[in-house]
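got a predicted structure here, sequence first:
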Amino acid sequence: MTALVASTNEIIDVAPQHRFDEAALARFMAERVPGFVPPLSVGQFHGGMSNPTFLLRDGAGRRLVLRKKPPGRLLPSAHAVEREFKVIAALAASDVPVARAELLCEDPAVIGQAFYLMEHVEGRVFRSYTLPGMSPAERAAIYDAMNAVLATLHRVDYAAIGLADYGKQGGYAARQIARWSSQYEASKTDALPAMERLMRWLPAHVPAADETAIVHGDFRLENMIWHPREPRILAVVDWELSTLGHPLADLAYNCLPWHVADRQRGDLLSLPPDHGIPREADYLAAYCRRTGRDAIADWNFYLVLSLFRLAAISQGVYKRALDGNVSSPGALDRLTKARELAEKAWALAEAGG
C-alpha cells in the first residue's frame with residue numbers, strides 16, 4: 001500500500017483514546033440492526049482527525065461503518081454526526097453517490113457519544129492530488145469525474161429531497177466568517193497575526209451576489225471512494241461540514257491544491273503541461289459548463305474564505321491534539337499548517353484588494 005491509493009480496508013486497532021464499550025454496541029445492534037449476527041469485531045480506519053470512523057464486522061461477515069463524535073469536550077456545533085446522517089440519507093434520492101445510511105443513535109448512553117451506521121463501500125481512496133503512477137488520461141478522467149459530481153451536488157433540488165431545513169438560505173459567507181472566527185478563538189493557542197487580519201478583512205469584502213445549494217464543505221479527492229478500476233466515484237464521504245451554502249465556496253475549497261502546496265498530498269502548482277491534471281482555469285470552465293454559468297465572480301474572495309476556514313480547522317485539530325483527543329500522528333503539526341494557510345490567505349487578500 002502506498003501514499004497514492006489506499007483500500008477502504010485500511011484498518012488499524014482502535015486507538016486508546018477512541019475505545020468504547022464494544023459489548024454495548026453489539027447489544028444495541030442485535031436489537032436495532034436487522035440481520036445482525038454476533039460476535040462483533042471492531043477496527044478503526046487509519047487517519048482522520050475529526051469524527052473517528054470504524055469498520056464493524058459481524059459473525060456472518062457483514063460489514064458496516066460507524067462514525068461517531070470524538071470523546072472529550074467539543075467545540076460548539078463541531079462533529080455533527082447527526083447532520084452527516086441526515087444529508088447522506090437524503091442524497092440517496094439524488095444522483096450524488098453516497099454510502100447507504102443505516103441507523104442513527106443520538107443516545108450517548110450506548111457507547112459514550114452519538115454515532116451512526118452506514119454501508120461499507122469497498123474501493124480506492126486516492127491520497128495524492130498528483131495521482132503518481134497513473135497515465136495522463138487516467139488523471140484527466142479522475143479529475144473530470146470529481147468535477148462532475150461536485151456540479152451534480154450543487155444542482156440538487158435540496159427542498160425536493162427534504163433538506164430545505166438543512167441550513168439557512170443566503171448569507172452563507174457571513175455565517176462562515178463568524179463561525180470560523182469563533183471556532184478559531186475557542187481553540188487559539190499561539191499568536192497567528194494573519195488570522196487576526198483576515199477576521200477583519202473578510203467581513204468587509206463579502207460579495208453582494210448570493211445563491212444557495214447543498215455544499216459538502218470538505219470536497220477533495222481523498223474524501224471519495226472510487227471504483228476499483230474505473231474513474232468513477234462510488235461514494236462521497238465525510239459530510240461533517242455540509243450545509244446549505246454558496247456553491248462557489250465549495251468549489252474554491254476543492255480548488256485549493258492549485259494554490260497551496262501540500263507536503264503530504266502533493267503539489268499541483270508546478271506540474272508539467274502533459275501531466276493530465278487540468279489547469280485550474282480548465283477545471284473551472286468544466287464546472288461552469290455543467291452548472292450553466294457564464295463565468296465565476298468574486299473568485300479571489302472565495303479562495304481567501306476557504307483558506308481562512310481551513311486554517312481555523314487546522315488550529316482546532318492542533319488544540320485537540322494538545323488535549324490528547326486526536327489519533328493521527330500528524331495532528332501536532334497542524335499549528336504550522338494553520339499559520340501557512342492563514343499567511344497564504346492574507347497574501348491573496350492583499351493581492352485582490
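Arrived safely.

secondary structure element for the residue nearest the centre of the chain?
For the chain, the residue nearest the mean C-alpha position is residue 218 (3.0 Å; Cα atoms, centre = their mean). Using DSSP states H and E, residue 218 falls within no helix or strand.

that one: what's it in contact with?
238, 240, 241, 253 (Cβ atoms under 8 Å, 6 or more residues apart in numbering). C-betas here are computed from N, CA, C, even on glycine.

and it, how far from residue 84?
From residue 218 across to residue 84, the span is 11 Å (Cβ to Cβ, to the nearest Å).

kindly report the same for residue 66.
12 Å.

tell me which of the two has more neighbours.
The residue with more neighbours, out of residue 66 and residue 84, is residue 66; 26 against 22, by other Cβ atoms under 10 Å.

ok, and the closest non-adjacent residue to the more buried one?
Once flanking residues are discounted, residue 66 sits nearest to residue 54: 4.5 Å by Cβ to Cβ, 6 or more residues apart in numbering.

who's in contact with the one you found?
Contacts of residue 54 by Cβ under 8 Å, 6+ apart are 14, 42, 43, 44, 45, 65, 66, 67, 68.

and for residue 218 and residue 84, which residues touch both?
Counting by Cβ under 8 Å, 6+ apart, the shared contacts of residue 218 and residue 84 are 238, 240.

longest helix anywhere in the chain?
helix 299-322 (DSSP state H).

next, the angle helix 299-322 makes with the following helix or strand past it.
The first helix or strand that comes after helix 299-322 along the chain, using DSSP H and E, is helix 334-352. Our comparison of helix 334-352 with helix 299-322, counting by axes from the mean of the first three to the mean of the last three Cα atoms, to 10 degrees, yields an angle of 170 degrees.

what comes up buried for helix 334-352?
The neighbour-count check on helix 334-352 (16 or more other Cβ atoms under 10 Å) flags 334-335, 337-346, 348-349 as buried.

which elements pack onto it?
helix 193-201, helix 299-322 (3 or more Cβ pairs under 8 Å, 6 or more residues apart in numbering; DSSP states H and E).

and the longest one, what's its mean pLDDT?
Per-residue pLDDT values over helix 299-322 give a mean of 91.

what are the buried residues along that helix?
Neighbour counts over helix 299-322 (16+ other Cβ under 10 Å) mark 299, 301-321 as buried.

one step back: tell me the gap between the longest helix of the chain and the middle of its chain.
The chain centre lies 12 Å from the centre of helix 299-322; the measure is Cα atoms, centre = their mean, to the nearest Å.

next, the angle helix 193-201 makes with it.
130 degrees.

helices or strands next to helix 299-322 in the packing?
Using 3+ Cβ pairs under 8 Å, 6+ apart: helix 299-322 touches helix 172-187, helix 193-201, helix 247-254, helix 334-352.

tabulate the ones you listed (CSV), appending distance to residue 158 and mean pLDDT.
Shown next, in CSV, are the helices and strands packed on helix 299-322 (distance: least, Cβ to Cβ, whole Å; pLDDT from 0 to 100):
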stretch, distance to residue 158, mean pLDDT
helix 172-187, 13, 94
helix 193-201, 29, 97
helix 247-254, 11, 98
helix 334-352, 29, 91
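
reformat those as TSV; add distance to residue 32.
Shown next, in TSV, are the helices and strands packed on helix 299-322 (distance: least, Cβ to Cβ, whole Å):
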stretch	distance to residue 32
helix 172-187	33
helix 193-201	44
helix 247-254	34
helix 334-352	36
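
distance check, the spatially closest residue to residue 293 that is not a sequence neighbour against residue 176.
Nearest residue to residue 293 in three dimensions, chain neighbours excluded: residue 287, at 7.5 Å (Cβ to Cβ, 6+ apart). Distance, residue 287 to residue 176, by Cβ to Cβ: 20 Å.

the two: which is more packed in?
Set side by side, residue 287 and residue 176 show more neighbours around residue 176, with 24 against 21, by other Cβ under 10 Å.
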